[in-house]
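Colleague: Let's see this in three dimensions:
(one chain, ligands or ions: 1)
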Amino acid sequence: MAITFICPENDTISWITALKTLDPTLDIRVWPGDEPKEEIEMALTWKHPPGTLTEYPNLGCICSMGAGIDHLLADPLLPDPDLPGNPTIVRLVDQRLADNMSEYLLLAVLYHFRQFDFYQAKKEERLWEPILPLEKKEMVIGIMGLGQLGEAAAKRLGETGFPVCGWRNSHKKIDGIQSFHGKGELDNFLSRARILICLLPLTRKTRHILNLDTFSKLPGGAYLINVGRGGHLKEIDLLTALDQKVLSGACLDVFQSEPLPGDHPFWQHPKIMLTPHISSQTNPMSVAPQIVSNLNRLRAGESLLNRVDIKKEY
Ligand code: GLV
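Modeller: Just a heads-up that it's a prediction; the model follows:
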C-alpha cells in the first residue's frame, strides 16, 4: 500500500525525504504518476485538481499539507468523510507552524507600532522627521480566530506587553486574553481593536468578514493584518477604507488570487505592506512524524489525529 502526493503547485522532494527519513520502507508516489490507484491508502494534498480524490478505491485518509482545509472544500467532488467507507480528512497541527506565525505577527505589529511604515515613506522623500511614539497600552490587538495559531499568537503578543483580545465562534478561555465569541459580541470586540488580525479558517460564514462595515466598527485609523485567507477580505473595501482613512494601513500575506496578479492595485499602494503567503510555511521535517503516525493508525484501524470537522469546515 502507498501514499500519494496530489499537489501540482508544490515541490515534493523535501516532503518525500522527510517521510523516508522516518520510515525508509514507505512507498511514496506523486500524482498523476501514482498508478495503480487501488494501492493508495493516504493522499497528501494541496490544491488538488477537483475530482482526483474520487479515483482511489482504497483511500483511507486525506491529509491537508497545511493547517487550512479550504483548498479541499473547494472540490465539489470531495468524498464526504461522514459517510461510511469514505476516507477521513485530517490537517496538520504543528508547534513550528504556530511559532512561525507568532513571529510574523509580532514583526507586523511592531512594524506598525514603531511606525516603520511612516519612516519608510519618509525615507523615500529623504525626510528626517521623528514623531512621537505610540502608547503600547492603548494599542489593543484584536485577534479573530483563536485556534492553535491564534491562541499562540495571542500569548506571544500579550507577553510583549500589548493588550490582546480575541474573537471566535464559541467561547474559549485563555489566561490574560479578553475573549469574545459569536455574532452578538463581534461589535464589542471590534470597537477595541486598534490592530485587527485575521486568523480565522475560511468558511461560508467567514468569507468576506473583513469588509467596510467591519472596518467602520474599529477605532478610527485602525491597522489590519490578514494572515487567514484572501477570501476573508473584500479587497475593494480595503481600498475604500484606506482612501477614507477608516484604516491607516494593512499588512497582507494572503490574497483572493495567488500569486497576486502583476496589475493588482495592492502592489503599489503606499499603505499596504505585503508578503507572498509566507507567514507560516509548513516544514516537512516537523510534520512528518504526525503523518507517519496517522498512517500507522490508519493501518491499525485506530482513530486519526487532527481530524477535520467537515460540518464546521475546519
Ligand atoms: C497555510 O496557509 C496553511 O493552511 O497551512
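Colleague: which residues touch the nearest residue to Thr12 once chain neighbours are set aside?
Modeller: Nearest non-adjacent residue to Thr12, counting by Cβ to Cβ, 6 or more residues apart in numbering: Phe5, 4.6 Å away. Every C-beta, even on glycine, is put in place using the N, C-alpha and C of the backbone. Listed by Cβ atoms under 8 Å, 6 or more residues apart in numbering, the contact set of Phe5 reads 12, 15-16, 28-31, 43-45, 65.
Colleague: Just the ones of the residues you listed in helices?
Modeller: Using DSSP state H, 15-16 are the members of those that sit in helices.
Colleague: of the contacts of Phe5, closest to the ligand?
Modeller: Nearest to the ligand among the contacts of Phe5 is Met65, at 7.6 Å by Cβ to the nearest ligand atom.
Colleague: List the residues that contact the closest one.
Modeller: By Cβ under 8 Å, 6+ apart, the residues touching Met65 are 5, 7, 10, 15, 44-46, 92, 282.
Colleague: Most neighbours among those residues, please name it.
Modeller: Leu44 (27 neighbours; other Cβ atoms under 10 Å).
Colleague: hmm, back to that, check for me that the residue nearest to Thr12 belongs to a helix.
Modeller: No. Counting by DSSP: H, G, I helix; E, B strand; the rest coil, Phe5 is not part of a helix but strand.
Colleague: Look at it and report its pLDDT.
Modeller: Per-residue confidence at Phe5 stands at 98 (pLDDT).
Colleague: Specify the beta-bridge partners of it.
Modeller: Beta-bridge partners recorded for Phe5 (DSSP bridges): Val30, Leu44.
Colleague: Now stretch 138-156 - C-alpha only, CSV.
Modeller: Extracted in CSV, the C-alpha atoms of stretch 138-156 (Å, rounded to 0.1, in the frame of the first residue of the first chain):
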residue,chain,number,x,y,z
GLU,A,138,-3.6,51.8,24.0
MET,A,139,-2.6,49.5,21.2
VAL,A,140,-5.2,46.8,21.7
ILE,A,141,-4.7,43.9,19.4
GLY,A,142,-7.8,42.0,18.4
ILE,A,143,-7.3,38.5,17.0
MET,A,144,-10.2,37.0,15.0
GLY,A,145,-9.7,33.2,15.3
LEU,A,146,-8.4,31.6,18.5
GLY,A,147,-7.5,28.2,17.2
GLN,A,148,-4.0,26.8,17.7
LEU,A,149,-2.3,29.6,15.7
GLY,A,150,-4.5,32.4,17.1
GLU,A,151,-4.0,31.3,20.7
ALA,A,152,-0.2,31.0,20.3
ALA,A,153,-0.1,34.5,18.7
ALA,A,154,-2.3,36.0,21.4
LYS,A,155,0.0,34.7,24.1
ARG,A,156,3.2,35.9,22.3
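Colleague: could you give me the average pLDDT of that stretch?
Modeller: pLDDT averaged over stretch 138-156 gives 97.
Colleague: Name the nearest residue to the residue of the stretch 201-314 of the chain found nearest the ligand, ignoring sequence neighbours.
Modeller: Of all residues in the stretch 201-314 of the chain, the one sitting closest to the ligand is Thr282 (5.6 Å; Cβ to the nearest ligand atom). The shortest distance from Thr282 to any non-neighbouring residue, by Cβ to Cβ, 6+ apart, is to Gly66 (5.3 Å).
Colleague: if I look at that neighbour, how far off is Asp263?
Modeller: Using Cβ to Cβ, to the nearest Å, we find Gly66 at a distance of 28 Å from Asp263.
Colleague: Counting neighbours around each, name which of these two comes out higher.
Modeller: Taking other Cβ under 10 Å, Gly66 and Asp263 do not tie; Gly66 has more neighbours (20 against 7).
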